[in-house]
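[1] structure here, sequence nowhere to be found:
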């Protein structure tokens, strides 16, 4: 039987996040989507210092020029986490509303355990100075219908399973490369999706979720030897806070692993804000690298 929690009498029917500017709803259907995942055991392993020690790089890899000391600087920053004693004494299922394909409200079940709580927003939604009869009252639903439903589902899945699900999409290449006789289409991690998930994690104030996403992006960045996409960088600078750790990690990846020639494309420069190029310029200059291609 589900344990119930005392809930405030004066709380309105819906507890909502602050309204953010309307953004187009992402489609749940994409071509050639490959779903994978990183579990908590992998996440803990990646957080160990030795996980940053790279194997011998391929000779044709742009990552081959990265010194081990530089690669170690790309790490998951520690964020402030919600302590168990700060969370209300509630263990059970709460309901979160998101939009479905028909843009109607769809209930999603979120399992909350006191010792695994991590969202400051959800904690504040469940806490109050005035309580009703805790034997008969369940927490009110939380309305996230103004958020992208695919992101809400991704978050709910992580809370319930502690696995970060990922998907892949075809790597973006130039038409010149596609015209080569030996060209073969490659699949790469959809870092734009993870960047969007991170922005939701910031709005929900869930540090553990954000850390898990950082860990996933770093793992695949080293595994695939390819930095986050220009779209992921654009999303990061547009939808996260100015001091966001993921923003610093994007700059680190491009400073230590990115090929500056990739940034010469007009479409890329138009897609990414000037703040990113300013941060990247400062990072590369601090390492004594020339910035001719970024001026």
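    Received, thanks. Being a predicted model, the structure only gives us computed values, none of them experimental.

[2] all helices of the stretch 51-200 of the chain, in order?
    Here the stretch 51-200 of the chain has its helices, by DSSP state H, counting those that start in this stretch, at 68-71, 120-126, 149-161, 175-178, 191-203.

[3] buried residues in the third one?
    Of all the residues in helix 149-161, those buried under the rule 16 or more other Cβ atoms under 10 Å are 149-156, 158-159. Heads up, the C-betas are built off the backbone N, CA and C, glycines and all.

[4] residue 219 is nearest to which of the helices of the stretch 51-200 of the chain?
    helix 191-203 (11.0 Å; Cβ to Cβ).

[5] who are the packing partners of the closest one?
    Helix 191-203 makes packing contacts with helix 149-161, strand 164-166, helix 207-224, helix 230-239 when contacts are defined by 3 or more Cβ pairs under 8 Å, 6 or more residues apart in numbering; DSSP states H and E.

[6] so can I have TSV of those showing distance to residue 197 and mean pLDDT?
    Formatted as TSV, these follow (distance: least, Cβ to Cβ, whole Å; pLDDT from 0 to 100):
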stretch	distance to residue 197	mean pLDDT
helix 149-161	5	91
strand 164-166	8	89
helix 207-224	6	86
helix 230-239	10	87
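
[7] dump these into CSV; add distance to residue 104 as well.
    Output for these, formatted as CSV (distance: least, Cβ to Cβ, whole Å):
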stretch, distance to residue 104
helix 149-161, 10
strand 164-166, 24
helix 207-224, 26
helix 230-239, 25
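
[8] rewinding a little: and the buried residues of helix 149-161, which is closest to residue 241?
    Out of the buried residues of helix 149-161, the member with the shortest distance to residue 241 (by Cβ to Cβ) is residue 151, at 17.0 Å.

[9] against residue 98, how distant is the residue lying closest to that closest one once chain neighbours are set aside?
    Computed as Cβ to Cβ, 6 or more residues apart in numbering, the closest residue to residue 151 that is not its neighbour in sequence is residue 200, at 4.6 Å. The gap separating residue 200 from residue 98 is 11 Å, by Cβ to Cβ, to the nearest Å.

[10] so what sits against both of these two?
    Residues touching both residue 200 and residue 98 by Cβ atoms under 8 Å, 6 or more residues apart in numbering: 147, 152.

[11] pipe the buried residues of helix 149-161 into a markdown table and attach distance to residue 142 per row.
    Output for these, formatted as a markdown table (distance: Cβ to Cβ, whole Å):
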| residue | distance to residue 142 |
| --- | --- |
| 149 | 14 |
| 150 | 17 |
| 151 | 14 |
| 152 | 10 |
| 153 | 14 |
| 154 | 16 |
| 155 | 11 |
| 156 | 11 |
| 158 | 16 |
| 159 | 12 |
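
[12] so who does residue 238 touch?
    By Cβ under 8 Å, 6+ apart, residue 238 lies in contact with residue 273.

[13] what secondary structure does the residue nearest to residue 253 when sequence neighbours are not counted sit in?
    Leaving aside its chain neighbours, residue 253 sits nearest to residue 227 (4.1 Å; criterion: Cβ to Cβ, 6+ apart). Here residue 227 is coil, with the state taken from DSSP: H, G, I helix; E, B strand; the rest coil.

[14] what pLDDT does residue 227 get?
    Looking at residue 227, its pLDDT stands at 78.

[15] so how far is residue 159 from it?
    For residue 227 relative to residue 159 (Cβ to Cβ), the value is 29 Å.

[16] and residue 164, bridged to which residues?
    Using DSSP bridges, the bridge partners assigned to residue 164 are residue 38.

[17] am I right that it is in contact with residue 212?
    Yes. Between residue 164 and residue 212 a contact is recorded at 5.1 Å, counting by Cβ atoms under 8 Å.

[18] and the two? which has more neighbours close in?
    The neighbour comparison of residue 164 against residue 212 (other Cβ atoms under 10 Å) goes to residue 212, with 27 against 24.
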